[in-house]
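A.B. asks: next input, structure requested:
(one chain, ligands or ions: 2)
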Amino acid sequence: MYTLLSGLYKYMFRRDEYCILILGLDNAGKTTFLEQTKTRFNKNYKGMTLSKITTTVGLNIGTIDVGKARLMFWDLGGQEELQSLWDKYYAESHGVIYIIDSTDEERLQESKRAFEKMVTSEVLEGVPLLVLANKQDVENCLSIPDIKTAFSDCINKIGKRDCLTQACSALTGKEEERMPPQKHLDLVSRAESCDHGTIMSY
Ligand SMILES: Nc1nc2c(ncn2[C@@H]2O[C@H](COP(=O)(O)OP(=O)(O)O)[C@@H](O)[C@H]2O)c(=O)[nH]1
Ligand SMILES: [Mg+2]
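C.D. replies: Ligands and ions are numbered 1, 2, ... in the order given. A predicted model of the protein is given here:
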């Protein structure tokens with residue numbers, strides 16, 4: 001009897017968990033984006049002051065619930081020496097958010113090379129991708145077409161996976177610039193159809 005009831009309880013309240021990697025060069029705004037997302041989606045979360053976020057050494061983890069899905073974000077360090085650790089997390093991931101600093105034209109090619117290496121990884125084949133052109137609050141920043149042009153020679157390497165490019169400002173989260181919540185839902189439905197499947201239910 002108890003087993004039946006606890007089984008029913010577990011069934012009714014189970015959540016599917018998905019792991020989303022947040023990648024991009026250091027200083028792109030990955031940790032700011034994660035903090036902004038946690039603050040927006042977790043009602044009682046008292047986030048840190050966004051402008052005081054410092055360089056990530058290692059890994060930040062954040063969790064949000066969207067409908068019946070739980071998204072676990074892994075924000076990995078983007079410095080060159082830490083990029084070699086990214087692929088250790090690929091096998092576990094259901095989606096990737098790749099963040100580009102739209103104010104840093106000098107490092108755009110470096111970002112493109114890191115992006116290209118990531119999308120050509122066999123382990124990530126078919127895994128949905130959300131590319132964020134961040135820092136759109138800064139005047140004269142690169143636009144999405146500018147970034148697409150700079151990344152044009154690796155666009156064909158994205159393959160058949162779902163890929164969406166979106167302009168955003170992780171720092172201000174202003175209405176017109178912030179990523180609408182719907183995008184998270186999109187990522188959930190995309191993650192659901194990805195080969196890596198659901199890793200965990202509880
Ligand atoms: N203007 C502006 N600055 C941002 C934005 N997102 C991040 N930053 C700043 O960029 C710097 C690096 O951000 P951080 O989140 O630490 O980048 P990470 O190294 O990719 O984790 C910090 O000074 C942030 O305040 C944004 O959307 N607009
Ligand atoms: Mg960081």
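A.B. asks: okay, CA-based contacts and neighbour counts for the rest of this
C.D. replies: Fine.
A.B. asks: the most centrally placed residue in the chain: what secondary structure?
C.D. replies: Closest to where the C-alpha atoms of the chain average out (CA atoms, centre = their mean) is I97, at 2.7 Å. Secondary structure, DSSP: H, G, I helix; E, B strand; the rest coil: I97 is strand.
A.B. asks: near ligand 2, which residues of this protein show up?
C.D. replies: 31, 55-56 (CA under 5 Å from the ion).
A.B. asks: return the item of these having minimum pLDDT.
C.D. replies: Ranked by pLDDT, the residues of the chain next to ligand 2 bottom out at T56, which has 70.
A.B. asks: near that residue, how many other residues are there?
C.D. replies: 16 (other CA atoms under 10 Å).
A.B. asks: and D65, by the same measure?
C.D. replies: 16.
A.B. asks: residues touching it, list them.
C.D. replies: 41-42, 71 (CA atoms under 8 Å, 6 or more residues apart in numbering).
A.B. asks: quick one: the host helix or strand of it to chain centroid distance?
C.D. replies: Counting by DSSP states H and E, the element that carries D65 is strand 59-66. Offset of strand 59-66 from its chain centre (CA atoms, centre = their mean, to the nearest Å): 10 Å.
A.B. asks: who does it pair with, and is each partner parallel or antiparallel?
C.D. replies: strand 69-76 (antiparallel) (DSSP bridges).
A.B. asks: for this protein, which segments are assigned as helices?
C.D. replies: Secondary structure of the chain (DSSP state H): helices located at 2-13, 30-41, 80-83, 108-119, 144-150, 181-192.
A.B. asks: once you drop chain neighbours, what's closest to L34?
C.D. replies: The shortest distance from L34 to any non-neighbouring residue, by CA to CA, 6 or more residues apart in numbering, is to G62 (6.9 Å).
A.B. asks: which residues of this protein lie near ligand 1?
C.D. replies: Residues of the chain lying close to ligand 1 (CA under 6 Å from any ligand atom) are 26-32, 51, 53-56, 134-135, 137-138, 169-171.
A.B. asks: at 5 Å instead, please
C.D. replies: 26-32, 51, 135, 169-171 (CA under 5 Å from any ligand atom).
A.B. asks: and the strand holding D65, average pLDDT?
C.D. replies: The model assigns strand 59-66 a mean pLDDT of 88.
A.B. asks: check stretch 2-12 too.
C.D. replies: On average, stretch 2-12 scores 76.
A.B. asks: mind exporting the C-alpha coordinates of that stretch to CSV?
C.D. replies: What follows is stretch 2-12, C-alpha atoms only, in CSV (Å, rounded to 0.1, in the frame of the first residue of the first chain):
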residue,chain,number,x,y,z
TYR,A,2,2.7,2.4,1.0
THR,A,3,4.7,1.5,-2.1
LEU,A,4,1.7,2.2,-4.3
LEU,A,5,1.0,5.6,-2.7
SER,A,6,4.7,6.6,-2.8
GLY,A,7,4.8,5.5,-6.4
LEU,A,8,1.7,7.6,-7.2
TYR,A,9,3.2,10.6,-5.4
LYS,A,10,6.4,10.3,-7.2
TYR,A,11,4.6,10.0,-10.6
MET,A,12,2.5,13.0,-9.9
